[in-house]
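Q: Build me a model from this:
(chains A, B, C and D)
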Number of protein chains: 4
Amino acid sequence: MGEKPLQTSIATSDEQRITVRGADLTEELMGTLDFGEFFYFQLTGEMPTDSESRVFNTLLVTVVEHGITPSVIAARLTYDSAPEAVQGAVASGLLGAGKTFLGSMQDVAEMVQDGVSRIDDGEPSDAVARDIVAAHDRLPGFGHPEHDPTDPRTERIFDILEAEGMDGPYLEFIHDVQDAAEEQFGSRPLINATGAIGVGVSELGLDPLVARGIALVSRSAGLVGHLNEEAREPMARGIWDVVEENVDYRGEP
Amino acid sequence: MGEKPLQTSIATSDEQRITVRGADLTEELMGTLDFGEFFYFQLTGEMPTDSESRVFNTLLVTVVEHGITPSVIAARLTYDSAPEAVQGAVASGLLGAGKTFLGSMQDVAEMVQDGVSRIDDGEPSDAVARDIVAAHDRLPGFGHPEHDPTDPRTERIFDILEAEGMDGPYLEFIHDVQDAAEEQFGSRPLINATGAIGVGVSELGLDPLVARGIALVSRSAGLVGHLNEEAREPMARGIWDVVEENVDYRGEP
Amino acid sequence: MGEKPLQTSIATSDEQRITVRGADLTEELMGTLDFGEFFYFQLTGEMPTDSESRVFNTLLVTVVEHGITPSVIAARLTYDSAPEAVQGAVASGLLGAGKTFLGSMQDVAEMVQDGVSRIDDGEPSDAVARDIVAAHDRLPGFGHPEHDPTDPRTERIFDILEAEGMDGPYLEFIHDVQDAAEEQFGSRPLINATGAIGVGVSELGLDPLVARGIALVSRSAGLVGHLNEEAREPMARGIWDVVEENVDYRGEP
Amino acid sequence: MGEKPLQTSIATSDEQRITVRGADLTEELMGTLDFGEFFYFQLTGEMPTDSESRVFNTLLVTVVEHGITPSVIAARLTYDSAPEAVQGAVASGLLGAGKTFLGSMQDVAEMVQDGVSRIDDGEPSDAVARDIVAAHDRLPGFGHPEHDPTDPRTERIFDILEAEGMDGPYLEFIHDVQDAAEEQFGSRPLINATGAIGVGVSELGLDPLVARGIALVSRSAGLVGHLNEEAREPMARGIWDVVEENVDYRGEP
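A: A predicted model of the protein is given here:
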């Protein structure tokens, strides 16, 4: 008897039991783990230590909220147009987690994991860092339109990594990249929050895709908070008004 | 000098500070609150008590995972087609959080909050419950295609509500609705996990929209875990194959 | 040998042939039908007459474009954040096709198809119209925030229905609803473009879901045009700026 | 008095007029242009010739339908979960228009437009083609999992381009790329429908983004047809069943 064509290691269920990574959801996990710990367990199949829990929860908290961002604007407008489908408004906002903003967490994690792997294979770290800077038109994880001279979230994440004994090779390497970028561009670019989260995910031993996943889970929560406010105190029509007042139609073509 | 046309109470930022509900994100919240606590704080502006934290985190954990559901299938297929845009795959899966499955949490919360408000205004609870049963074609929060005779997640949530002293009027009322439904239909329908979450959200004093929000945040995490597995051990092409093998084209019309 | 569990009448393919509703896609349809005609054929399995083609194409053209709408704003912001995933930007804009704006086409089509069916069963049309007005908090297909005293698109659609001999019972009935609404509210509400499209879809014998589908296909095209402009002459950052300048953070709670 | 910060050339509206690219929507465009022609006009500001109309409509028809594809599966599952939000089901299906399948039209158009531009600058076409083949891990627009030895849609599009006098440099260049690929890989890869559409868009003088846009508009229509069938003759639960029957849970990790 052959095995079935589709395989998963994550979860299964029957009439009275939901099993996640070999554990009983209701008996062993609900009420015992906080959400961050459960997410870590679902991803890895391992219970986080207290340090892993604190770091992973911190990464999840970092980008929940940054005020009235483009993704919040998109979500609020979509909610106003389709209030019966909150899932659509949240999806609308999440779709902005791409290369320009939040999605870059994945690129950072790939970059530092690739870099550290090359260093582990014997390449000198400064050469690897210079290579990586040269290979990117736009270095993920660096720079910010508002925060200056540092991104305060980065400082905080790096302090917590250190406090929890997770200030390892990825944290060191992103500073090598920062040095190489300064050498290349003549000024020292700041490491932004997506850079710090890419490092944190890597120090936790997680895949780059999880870094983008953290952005998505965090932003989902942030968007739900904004939609809950929108339902009580709407600003979507006001947004539309201020945009319309500022648009000129220039005629053809 | 007039005030600006758009108002928010959630968050703002400047060069060196992100402020959420009056607190400094990096100094006061990151590293101090777990993700569930932070989400609660962003929603309400109030720090959760230990009991509120445990209940809210439990609600967030409950529906992260239920194996290979339709939303997981949609997300995995979308990821296979567009692996460069993980946000699209997650959005694709979230869009299923509608009336049939997870979105019903919002309907349950509306139902019990409406019911308790009528009881508070002096209507007898059994009459209100009968009214509500009669008014619905399909009672949200009851029944499950797989779990039988109870949904184990419901038991666990209700136990935790009781242990944390939050077994209040909404929990009582959903049992009144269950009684009325049994009277009406001749058999006792089980309260499913979405029903229990709708009750839990109401006991926490949160709006019905937050109940759907919990579904969305939870499922985001679940989907990220599945996409992380899909990236390493794909099943999307296998899903497509088993579906195709089972489809007949019947010709026109 | 039993039949397969999944059945479709729409399309199938093999190595050298794609069959749609019994016709050969490449030999019989491509180059012969315009897009509107092909869509009609895919939906119904029937080749449209010239009149049906003109009406269906007109309905598809009607709501492609209305300037810088909320769905366009959402799509442009999403594109700026994730330019590598144009599909996400279009999806983000489409998710606003809900109850408030474009999605109401489906509600109108349901309303007039239900009304005409009751009239066909012998109820007097004015009574049915009054019933329907009374049953709705917000009558779909009536009123417009900008157009006044008529929606010019409605006039045009109704003229074309008449010119093509498709001014049937649904067109008559929406005017009955308009009369009943005037009687009820004391002023005559205008029939907007979504109302006219709901009528047009019904005169073509199509299901209400197709009315929302027309909105989605039309808006997809409109959004693609805006994103193509956004790629060359961006306004997304400018939108964000004008919104930010107009937002006040009111602090907690 | 300065100009407003946001500029568009596409459309504007007032109480009684919607203006698209300088034309009156209701007076000049509705009832006169078919949907494909209108979309072309909205994109370019120019009325298509008969040849341009035939080619553009053909490109729009090509990928509306290919049976039960991953995007159709995702959309049908999403509709079953959230039938109240058809827009979400369509969005869910569109989100698969990425690098692997339909989104590659944009990559093809970029590739041939870049190639022809280099040839126009004096580089020999065979060298450019070899360069391009070498630069891609996976050459967009070539190969198909089902069609063999040719993609019948490609033949048809190329015939129509020729019949309409639009068999220009992009069509020639994609054959150079095909030659270079044959030289490189030892076997001649077929040009698939996305390759042919990327060529067609380029021959029409349109931007690469429009090629992906055509995929999205076409698929929107295809998905609406499938959802209309799903509403009458559902297969979503059957899809879930056949998938579940074929999944094994392997336990941790």
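
Q: and the residue lying closest to residue A:248 once chain neighbours are set aside, what does it touch?
A: Leaving out its chain neighbours, the residue that sits closest to residue A:248 by C-beta to C-beta, 6 or more residues apart in numbering or on different chains is residue D:4, at 4.3 Å. Any C-beta I mention is one placed from the backbone N, CA and C, and that applies to glycine too. Counting by C-beta atoms under 8 Å, 6 or more residues apart in numbering or on different chains, residue D:4 makes contact with A:245-248.

Q: near chain B, which residues of the stretch 51-200 of chain A show up?
A: A:53-54, A:57-58, A:60-62, A:64-68, A:85-88, A:90-91, A:94-98, A:103, A:106, A:146-148, A:150, A:152-153, A:155-157, A:159-160 (C-beta under 8 Å from any C-beta of the partner chain).

Q: Filter these down to just the buried residues.
A: Using 16 or more other C-beta atoms under 10 Å in any protein chain shown as the burial test, these include A:53-54, A:57-58, A:60-62, A:64-68, A:85-88, A:90-91, A:94-98, A:103, A:106, A:147, A:152-153, A:156-157, A:160 as buried.

Q: quick one on the thing from earlier: what about the residue nearest to residue A:248, distance to residue C:245?
A: 13 Å (C-beta to C-beta, to the nearest Å).

Q: Also residue A:29?
A: From residue A:29 over to residue C:245 (counting by C-beta to C-beta), the distance is 46 Å.

Q: And those two? Which one has more around it.
A: A direct count of neighbours by other C-beta atoms under 10 Å in any protein chain shown for residue A:29 and residue C:245 places residue A:29 higher, at 24 against 11.

Q: can you pull the contacts of the more buried one?
A: Applying C-beta under 8 Å, 6+ apart to residue A:29 gives the contacts A:20, A:23, A:38, A:41, B:61.

Q: Can you give me the neighbour number for residue A:126?
A: The burial count for residue A:126: 14, using other C-beta under 10 Å.

Q: where does it land on pLDDT?
A: Residue A:126 carries a pLDDT value of 97.

Q: Give me the three-state assignment for it.
A: Residue A:126 carries the three-state label helix when classified by DSSP: H, G, I helix; E, B strand; the rest coil.

Q: hang on, it packs against residue A:183?
A: No - with contacts counted by C-beta atoms under 8 Å, residue A:126 stays clear of residue A:183, the gap being 9.1 Å.

Q: Would you mind writing the CA trace of stretch A:102-122 as PDB?
A: What follows is stretch A:102-122, C-alpha atoms only, in PDB (Å, rounded to 0.1, in the frame of the first residue of the first chain):
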ATOM      1  CA  LEU A 102       7.700  45.300   4.600                       C
ATOM      2  CA  GLY A 103       8.400  42.500   2.200                       C
ATOM      3  CA  SER A 104      12.100  43.500   2.200                       C
ATOM      4  CA  MET A 105      12.400  41.600   5.600                       C
ATOM      5  CA  GLN A 106      12.600  38.500   3.500                       C
ATOM      6  CA  ASP A 107      15.400  40.000   1.300                       C
ATOM      7  CA  VAL A 108      17.400  41.000   4.300                       C
ATOM      8  CA  ALA A 109      17.200  37.500   5.800                       C
ATOM      9  CA  GLU A 110      18.300  36.000   2.600                       C
ATOM     10  CA  MET A 111      21.100  38.500   2.300                       C
ATOM     11  CA  VAL A 112      22.500  37.900   5.800                       C
ATOM     12  CA  GLN A 113      22.000  34.100   5.700                       C
ATOM     13  CA  ASP A 114      23.700  33.900   2.400                       C
ATOM     14  CA  GLY A 115      26.600  36.100   3.600                       C
ATOM     15  CA  VAL A 116      27.100  34.200   6.800                       C
ATOM     16  CA  SER A 117      27.100  30.900   4.900                       C
ATOM     17  CA  ARG A 118      29.800  32.200   2.600                       C
ATOM     18  CA  ILE A 119      31.800  33.300   5.600                       C
ATOM     19  CA  ASP A 120      31.400  29.900   7.200                       C
ATOM     20  CA  ASP A 121      32.800  28.500   3.900                       C
ATOM     21  CA  GLY A 122      35.900  30.500   4.400                       C
END
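
Q: Just the buried positions in it, please.
A: Those would be A:102-113, A:115-116, A:118-119, for stretch A:102-122 by 16+ other C-beta under 10 Å.

Q: how about the top helix by length along chain A, does it get close to chain B?
A: Counting residues, the longest helix in chain A under DSSP state H turns out to be helix A:208-232. Yes - contact between helix A:208-232 and chain B, assessed by C-beta under 8 Å from any C-beta, occurs at A:209-210, A:212-214, A:216-218, A:220-222, A:224-229, A:231-232.
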